[in-house]
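Asks: Just the structure for this:
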Amino acid sequence: MLALLKTIRDAIASWWSEFTLQTKLLAVATMVVSLVMSGLTFWAVNTIQQDARMNDTRFGRDLGLLLAANVAPLVADNNLTEVAQFSQRFYSSTSSVRYMLYADESGEIFFGIPFWEAEVENSLTIKRRIQLPEDYPGDGEKPMVRQHTTPDGIVTDVFIPLIVNKKYLGVLAIGINPNQTAVISTNFTRDVTIAVFITIWVMVILAGVINALTITKPIKELLVGVKQISTGNFKQRIDLPLGGELGELILSFNEMGERLERYEEQNIEELTAEKAKLETLVSTIADGAVLIDNNMQVILVNPTAQRIFGWEAAEVVGRNVLHHLPPAVQMEITRPLYEMAAGECESAEFRIFINQPTHRTVRILLTTVLNLQRESIKGIAITIQDITREVELNEAKSQFISNVSHELRTPLFNIKTYIETLHDYGEDLGVNERKEFLQTVNHETDRLTRLVNDVLDLSKLESGRNYSFDGVDLAQAIEQTLRTYQLNAKDKCVELIQEVAPNLPLVLGNYDLLVQVFGNLIGNALKFTKAGGKVVIRAYQLDFKPNHTQSCPVRIEISDTGIGIATEDQHSIFERFFRVENRVHTLEGTGLGLSIVRNIIDRHRSKVHLVSEVGIGTTFWFDLGVFEEEPQPIQLEPIAETPKITTL
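Replies: So this is what the prediction gives:
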């Protein structure tokens, strides 16, 4: 039972909570009005009833006194027949009398209408006594009036003492029916009150239903729609078939939603396009870019920054950037980042060497990102520039200048020394001594000339100068090179051997550059080959097509039986000013020949390789593409030089 009551109470509370404040106030006002109206009506009914009872009381008392005055002498004479006849006439002529009872002084009823003693005794055989009120005075002279309720209404009881000559003979009890007009009026008033009460509540309920259907429901729908619009759901619509001002309001709301939806779609498309442009721009720039917020959380990072910091396999977006930076970078920029986030500075620049994930030097620029009003900091942009190449080139430039200066100083010092000696002591020197001095000066001058020419050649190759490429007859170029070095080989007692395959196709290249390559390689081979050794140059066409070319390439090999190159020196042999002779012998050179060779072969879109063993010999080889008929002239950009320099 308690659970049922609790369920009913909760249901009523939930039902009541769904009403708006306006509906609740309307219900309370209706309740107050209905209660006031009902109270007034019941007050009027009670007043009418009280007036009717008072009238009935007066009427009954007067009627009882009149009747008692007429029957008291008859009762005193014991003329009961006359009493019965008079009472019957009186009862028959008066509709207001409900009953008439005569009792003696002891209270026994000896006559009554509509019942009397003979009938009662004969049919019911029951002696009856009148039930007098407890406060009845007995032999008092004034009548006593009381009222009691019956199924037919309120009956007024009047008790009149029968006194003749101051002798108490008994009591006359008369029952007076209620006034029918008053009863009807009272009932009618009560029915009208109930009807008015019910009508008021029916009208209130109908008004509430109509209000809910015509006003409250649309307003609730509008309220829900406005909330949805405020949260960004511009697809919200209201579908209620209403006219009038509410209909216009709903129509305007739907039009507003459609416009906002179109505007949002347009803005989203524009923002998406701008975001795509920005991401494309950021992802394609050569420098690394990282955007973080004031809490050091990564918002955006481009592929260059991922590659520099080794973040390819890590998910750094949305995480603290300081937890993923290399230790060297983290140590340098942590404090400036927090200072910039606090607004203490706007930018900072650092040059840091990192060894994770690879060895490189980077320049890091920190810049604050401000809002449109430039009042608050929205984030920090980190720009990472990989300046490893720049640093290496600067070091290479400094090293090159140092090496060239060193190479130039030695021959110039020797030339100056011998010339000053000839100038100051020429008359004291013999002819052979003067001749030896002049030969040394001439040798140093040739050495200086070769150095300058090699530097100029290397500078031309690295300057971006365009060379025309055409069909080159390798047999002719090799023959020209061998004629140049034939006498030198004969003086050293070294055999020059040419093994050129017959009917070689023309190769795509620059004739002068290839002759320079052959000259440098054969010159080096003769320089490092002892007497009795051999230098062989071979040219033949391969029997396979690498990289799906149209024709098989031609391979050129220059082999010697010289001193060879140690394994630890082979990776540096093509660097500028690197000279193996510094370790194995005392022959002098510029150290630029093989660097020039590599640069030229790179321009021919090929690579120069070597196989060497100390004491056995060395072989350099490279491949050249076959010249096709009517080829387009090839304009090639300069090949960047590896900046590693070995100091003398």
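
Asks: can you tell me how far Ser402 sits from Leu408?
Replies: As defined by CB to CB, to the nearest Å, Ser402 lies at a distance of 11 Å from Leu408. To be clear about C-beta, it is placed using only N, CA and C from the backbone, and glycine gets the same treatment.

Asks: same deal with Pro303?
Replies: 46 Å.

Asks: can you check Gly257 too?
Replies: For Gly257 relative to Leu408 (CB to CB), the value is 83 Å.

Asks: more neighbours, these two?
Replies: Between Gly257 and Leu408, Gly257 has the larger neighbour count (other CB atoms under 10 Å), namely 19 against 14.

Asks: Where does the more buried one fall, secondary structure wise?
Replies: Here Gly257 sits within helix 244-284, counting by DSSP states H and E.

Asks: List the pairing partners of the next helix or strand after that helix within its sheet, with orientation.
Replies: Going down the chain from helix 244-284, the next helix or strand is strand 288-292, by DSSP H and E. Here strand 288-292 has these sheet partners by DSSP bridges: strand 298-301 (antiparallel), strand 377-386 (antiparallel).

Asks: Contacts made by strand 288-292 with the rest, please.
Replies: Applying CB atoms under 8 Å, 6 or more residues apart in numbering, the contact partners of strand 288-292 are 282, 298-302, 304-309, 321, 337, 362, 369, 379-386.

Asks: next one: stretch 490-498
Replies: Residues from elsewhere that reach stretch 490-498 (CB under 8 Å, 6+ apart): 478-479, 482, 485-486, 489, 522, 526, 529-537.

Asks: pretty sure Thr561 contacts Gly533?
Replies: Yes. The criterion here is CB atoms under 8 Å, and Thr561 meets it with Gly533 at 4.2 Å.

Asks: what touches both of the two?
Replies: What both Thr561 and Gly533 touch, as defined by CB under 8 Å, 6+ apart, is the set Gly617.

Asks: Got phi/psi on the residue of the chain most remote from its centre?
Replies: Distance from the C-alpha centroid of the chain peaks at Asp77, with 118.1 Å (CA atoms, centre = their mean). Backbone torsions of Asp77, given as degrees, to the nearest 10, read phi -80, psi 0.

Asks: Likewise for Arg605?
Replies: Torsion angles, degrees, to the nearest 10, at Arg605: phi 60, psi 50.

Asks: Distance check, it against Ile229.
Replies: Separation of Arg605 from Ile229 (CB to CB): 65 Å.

Asks: again with Leu412
Replies: 87 Å.

Asks: Repeat that for Ile205.
Replies: If you go by CB to CB, the gap between Ile205 and Ile229 works out to 34 Å.

Asks: Of the two, give the one with the bigger neighbour count.
Replies: Ile229 (17 against 12).

Asks: How about the contacts made by the more buried one?
Replies: Ile229 neighbours (CB under 8 Å, 6+ apart): Gln236, Met256, Gly257, Leu260.

Asks: so which one among those has the lowest pLDDT?
Replies: Across these, the bottom pLDDT score, 77, is held by Gln236.

Asks: Setting aside sequence neighbours, what's the nearest residue to that residue?
Replies: The shortest distance from Gln236 to any non-neighbouring residue, by CB to CB, 6 or more residues apart in numbering, is to Gln228 (4.0 Å).

Asks: Could you do Arg237 as well?
Replies: Closest residue in space to Arg237, ignoring its immediate chain neighbours: Asn254 at 5.3 Å, by CB to CB, 6+ apart.

Asks: Phe90 too?
Replies: Nearest non-adjacent residue to Phe90, counting by CB to CB, 6+ apart: Leu67, 6.4 Å away.

Asks: How many residues are close by the one you found?
Replies: Leu67: 21 neighbours (other CB under 10 Å).

Asks: Before we move on, what's the pLDDT of it?
Replies: Value for Leu67, per-residue pLDDT: 81.

Asks: That one: which element?
Replies: helix 21-76.

Asks: Likewise for Ile364?
Replies: Per DSSP H and E: Ile364 is located in strand 360-370.

Asks: That strand pairs with which strands, parallel or anti?
Replies: Strand 360-370 has its sheet partners listed here by DSSP bridges as strand 347-354 (antiparallel), strand 377-386 (antiparallel).

Asks: so which of those strands is the most packed in?
Replies: strand 377-386 (a mean of 19; mean count of other CB atoms under 10 Å).

Asks: Return the residues in contact with the closest residue to Leu412 other than its chain neighbours.
Replies: In space, Leu412 comes closest to Leu448 once its chain neighbours are excluded; the distance is 6.9 Å by CB to CB, 6+ apart. Taking CB under 8 Å, 6+ apart, we find Leu448 in contact with Leu408, Pro411, Leu412, Ile415.
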